[in-house]
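Student: Generate a structure from the sequence data that follows.
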Amino acid sequence: MLSIHEMHGSDVHWFHRRLPPLHALTVFAAAAGSGSFSRAAEVLFVTQGAVSRQIQQLEKYVGCPLFVRHKRGLRLTAEGQLLLPVVDDALGRLAGACDGLKNSGHVLVLRMPPTFTARWFLPILPDLRALLPDVDVRITTYDAWEPEFERSDVDAAVVQGRGTWGGVESVALMPEVLTPVCSPQLAASINSAADLIKLPLLHCSPVDAWPKWLHAVGAGHKPTRRGQTFDTLELALAAATRGQGVAIGDLNLVRESLRDGILVAPFTQTIEQGLSYYLVYPPDRAQQPKIKILRQWLVESAKKVLSG
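Tutor: Here you go, the predicted structure:
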């Protein structure tokens, strides 16, 4: 096992410095957030006197007052305003790291886009659970999320983008490949892109791929009936399944619906916008067994989709 010095090299100098008590920093953050010692005491389930003593101890340590007391409560001094964001960040990182260690082996928290989750991940989820029988796999979805792991309990995420995020490891899974899809009944009335003029188009906000696809097939300037706008692709695909219009779907996410005949892709033309789905996770978790299994399984599963 590596020693602390071997793991961190010269970054151990802070071990030789006397740091303020963690409890005093917690009390300071609570008092600053609540605006009074009495409310901080209620939040922390201690006496007001205990809060005052901890603040006095911290002020003695830093050598300056951190609060100005007045009739209506507390106000941070200039020094207190400098210290508060540092303390908040440090306490948040510490809490996140401890939570991650506590559940590191038995819980796997994943975050994914809703359409990717519903259309691609859920059908193959039993395979992952079979590979991790003793791990509680928890899934959350998001509409827009930048990879941020320090202040969350998320172990890994699937993110749509260009793979340019900093501070994380990313593994490309599959590209986004877009083409119109609709119900079989609606598809029967479509023989060319010109027929779309008569049909409602289903749009996704904030990024709408219809203009780019219509331009790619030479129909970019043709008027179309205004259709419904949704905030997720999943809702647009659900509306398309019900015959309410034509949506732009990702071929890699709707293959099962196309195979089952629930949706039809009436055109062979596809477009790519340079986006792909990536598995991302913090570098320090790369060697965790659950992450290694997840990574290998997702990559192999994506290859099967692309080869199919």
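
Student: May I ask which helix or strand of the protein has the lowest mean pLDDT?
Tutor: In the chain, the helix or strand scored least confidently by mean pLDDT, DSSP states H and E is helix 4-8, which has a mean of 46.

Student: and the very next helix or strand once past that helix, C-alpha only, in CSV?
Tutor: Where DSSP states H and E defines the elements, the next helix or strand beyond helix 4-8 is helix 22-34. Extracted in CSV, the C-alpha atoms of helix 22-34 (Å, rounded to 0.1, in the frame of the first residue of the first chain):
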residue,chain,number,x,y,z
LEU,A,22,-14.2,21.4,11.7
HIS,A,23,-17.1,22.0,14.1
ALA,A,24,-16.2,25.7,14.3
LEU,A,25,-16.3,26.0,10.5
THR,A,26,-19.6,24.2,10.4
VAL,A,27,-21.0,26.6,13.0
PHE,A,28,-19.6,29.6,11.1
ALA,A,29,-21.4,28.4,7.9
ALA,A,30,-24.6,27.8,9.7
ALA,A,31,-24.5,31.3,11.4
ALA,A,32,-23.7,33.0,8.2
GLY,A,33,-26.5,31.2,6.4
SER,A,34,-29.2,31.8,9.0
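
Student: what packs against helix 22-34?
Tutor: When contacts are defined as 3 or more C-beta pairs under 8 Å, 6 or more residues apart in numbering; DSSP states H and E, helix 22-34 sits against helix 37-44, helix 48-62, strand 73-76, helix 78-102. Bear in mind the C-beta positions are built from the backbone N, C-alpha and C, glycine included.

Student: Please tell me how far Gln273 sits from Asn191.
Tutor: 27 Å (C-beta to C-beta, to the nearest Å).

Student: where along the stretch 201-308 of the chain do the helices fall?
Tutor: 210-216, 233-241, 251-259, 289-307 (DSSP state H, counting those that start in this stretch).

Student: Now do the domain split for this protein, please.
Tutor: Following automatic domain parsing, one finds the domains of the chain at 4-102, 107-172+275-307, 178-259.

Student: between these, which gets the lowest average pLDDT?
Tutor: Ranked by mean pLDDT, the domains of the chain bottom out at domain 4-102, with a mean of 83.

Student: distance between it and the chain's centre?
Tutor: Mean-position distance between domain 4-102 and its chain equals 29 Å (C-alpha atoms, centre = their mean, to the nearest Å).

Student: How much space separates the most far-flung residue of the chain relative to its centre from Ala31?
Tutor: Distance from the C-alpha centroid of the chain peaks at Lys71, with 43.5 Å (C-alpha atoms, centre = their mean). Here Lys71 is placed at a distance of 16 Å from Ala31 (C-beta to C-beta).

Student: Could you do Ala78 as well?
Tutor: According to C-beta to C-beta, Ala78 and Ala31 sit 17 Å apart.

Student: Neighbour count: those two, which is higher?
Tutor: When Ala78 and Ala31 are compared for neighbours, Ala31 comes out ahead with 29 against 11, by other C-beta atoms under 10 Å.

Student: circling back to that earlier point, between the helices and strands packed on helix 22-34, which one is closest to Ala265.
Tutor: Within these, the stretch nearest Ala265 is helix 78-102; the backing value is 42.1 Å (C-beta to C-beta).

Student: helix or strand right after that closest one?
Tutor: For helix 78-102, the following helix or strand on the C-terminal side (DSSP H and E) is strand 107-112.

Student: hey, where'd the strands end up in the stretch 101-250 of the chain?
Tutor: 107-112, 136-141, 156-161, 169-175, 178-181, 201-204, 229-230, 246-250 (DSSP state E, counting those that start in this stretch).

Student: Please state the offset of the last one from the chain centre?
Tutor: So that's strand 246-250. Chain-centre distance of strand 246-250: 23 Å, with C-alpha atoms, centre = their mean.

Student: Note down every partner strand of it and its orientation.
Tutor: Strand pairing for strand 246-250, determined by DSSP bridges: strand 178-181 (antiparallel), strand 201-204 (parallel).

Student: Just name the most buried of those.
Tutor: When the strands paired with strand 246-250 are scored by mean count of other C-beta atoms under 10 Å, the highest mean neighbour count falls to strand 178-181 (a mean of 24).

Student: quick one, which of the strands paired with strand 246-250 is nearest to Trp297?
Tutor: Trp297 sits nearest to strand 178-181 of all the strands paired with strand 246-250, at 25.9 Å, using C-beta to C-beta.

Student: So what touches that closest one?
Tutor: For strand 178-181, the external contacting residues (C-beta atoms under 8 Å, 6 or more residues apart in numbering) are 196, 209, 213, 237, 240, 246-251, 254, 257-258, 263-273.
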